[in-house]
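Q: Structural data only, the sequence is not supplied:
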Ligand code: NAP
């Protein structure tokens, strides 16, 4: 078994991103600029946004955090997004999900100018991605492709099984793995909560990507020898043994599945770190006008 080591790859790519940001600063006098909008005080969201801001600073980007209490109206939030859309100093805008129930996340996602949509959630970016046109690719699937590429994992002609079909992970991941790109060129199966006998599919997977949010859902009897496993799951449980007071578990039973896998991501230290890289690379691409001129 070999580890798909998110810590190693993310540090390496962060070095490259920092060099590119320094070049932009030297040539234009400005830094790539990401604005994160955070509504309310959800523990997970606070952690993710803080990490995004910290990583922006680490690679020499400018970052701005816009905070709202959870009683902000949809109208006010949409108004703020409209204002950020027209600010020429801003390259990327993300609105951290989930949003409070009275705000429609689809409306917010569609309000973000697709040319600044560095989360890659806007229908224009998703459509362009599906057609293999330049686009911002959702950060987690993007990060996974960067990791597979870094380790030279062969994907062409393989059977890739994606478990989970969310708009932010499973669905875009399945599109990327089926595209005529490297990584890509897989035959893809998508499983979800209505799939009977998931094991029938996972047992046939050469590459298994799991994003469902269920601790240790994939067990050793569900995979074949030599499988490549990408575990997106981040299941938090309180713990008395860690400094943070919680412990993260993946959707895959790492201890036993790793005995059969050829490559596997750990949790933590795998996909989570690569997600940040996807976001930074999209912001950099926006600053360089690489996706939209
Ligand atoms: P989500 O929006 O809740 O979607 C979960 C998906 O899993 C849905 O498609 C659901 O099917 C499917 N599912 C749920 N239970 C299932 C079961 N028993 N069997 C088969 N399919 C099942 O989740 P998400 O946002 O994609 O996140 C998934 C996990 O990845 C979570 O643990 C999340 O924290 C983690 N995550 C990690 C990162 C990272 O950077 N590492 C980024 C994003 C998310 P239906 O569509 O039929 O309901």
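A: Good, I have the coordinates. It should be emphasised that the depicted structure is a prediction, and the values quoted were computed from it without experimental measurement.
Q: Would you map the helices across the stretch 151-293 of the chain?
A: In the stretch 151-293 of the chain, the helices defined using DSSP state H, counting those that start in this stretch lie at 170-178, 198-202, 254-257, 271-287.
Q: Highest mean neighbour count out of those helices?
A: Stretch with highest mean neighbour count among the helices of the stretch 151-293 of the chain: helix 271-287 (a mean of 25; mean count of other C-beta atoms under 10 Å). Heads up, the C-betas are built off the backbone N, CA and C, glycines and all.
Q: hmm, back to that, go through the helices of the stretch 151-293 of the chain and name the closest to residue 32.
A: helix 271-287 (3.7 Å; C-beta to C-beta).
Q: quick one: is that closest one near the ligand?
A: Yes. Helix 271-287 reaches the ligand (C-beta under 6 Å from any ligand atom) through 271-272, 275.
Q: Output these in a markdown table; the columns should cover pLDDT.
A: Converted to a markdown table, the residues of helix 271-287 next to the ligand look like this (pLDDT from 0 to 100):
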| residue | pLDDT |
| --- | --- |
| 271 | 98 |
| 272 | 96 |
| 275 | 97 |
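Q: residues contacting residue 249?
A: 215-216, 233, 235-237, 267 (C-beta atoms under 8 Å, 6 or more residues apart in numbering).
Q: mind running it again at 6 Å?
A: 215, 235 (C-beta atoms under 6 Å, 6 or more residues apart in numbering).
Q: follow-up on the earlier one: now tabulate the helices of the stretch 151-293 of the chain in JSON lines and tack on distance to residue 21.
A: Shown next, in JSON lines, are these (distance: least, C-beta to C-beta, whole Å):
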{"stretch": "helix 170-178", "distance to residue 21": "25"}
{"stretch": "helix 198-202", "distance to residue 21": "40"}
{"stretch": "helix 254-257", "distance to residue 21": "34"}
{"stretch": "helix 271-287", "distance to residue 21": "7"}
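Q: Residue 56: which of the ones you listed is closest?
A: Per C-beta to C-beta, nearest to residue 56 of the helices of the stretch 151-293 of the chain: helix 271-287, 7.2 Å.
Q: neighbours around the residue lying closest to residue 148 once chain neighbours are set aside, how many?
A: Once flanking residues are discounted, residue 148 sits nearest to residue 183: 4.4 Å by C-beta to C-beta, 6 or more residues apart in numbering. For residue 183, the count of nearby residues is 22 (other C-beta atoms under 10 Å).
Q: Flag every residue of the chain that's near the ligand.
A: Looking at the ligand, the residues of the chain close enough under C-beta under 6 Å from any ligand atom are 140, 163-166, 168-170, 191-194, 198, 211-214, 232-235, 271-272, 275.
Q: close enough to count as contact, residue 31 and residue 62?
A: Yes. Using C-beta atoms under 6 Å, residue 31 makes contact with residue 62 at a distance of 4.3 Å.
Q: got the buried residues for the longest helix belonging to the chain?
A: With secondary structure taken from DSSP state H, the chain has its longest helix at helix 6-28. Neighbour-count burial for helix 6-28 flags 6, 9-10, 13-14, 17-18, 20-21, 24 (criterion: 16 or more other C-beta atoms under 10 Å).
Q: Just send those residues back as TSV, with pLDDT and distance to residue 202 too.
A: Below are the buried residues of helix 6-28 laid out as TSV (pLDDT from 0 to 100; distance: C-beta to C-beta, whole Å):
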residue	pLDDT	distance to residue 202
6	98	22
9	98	25
10	98	27
13	98	29
14	98	33
17	98	34
18	98	38
20	98	38
21	98	40
24	97	43
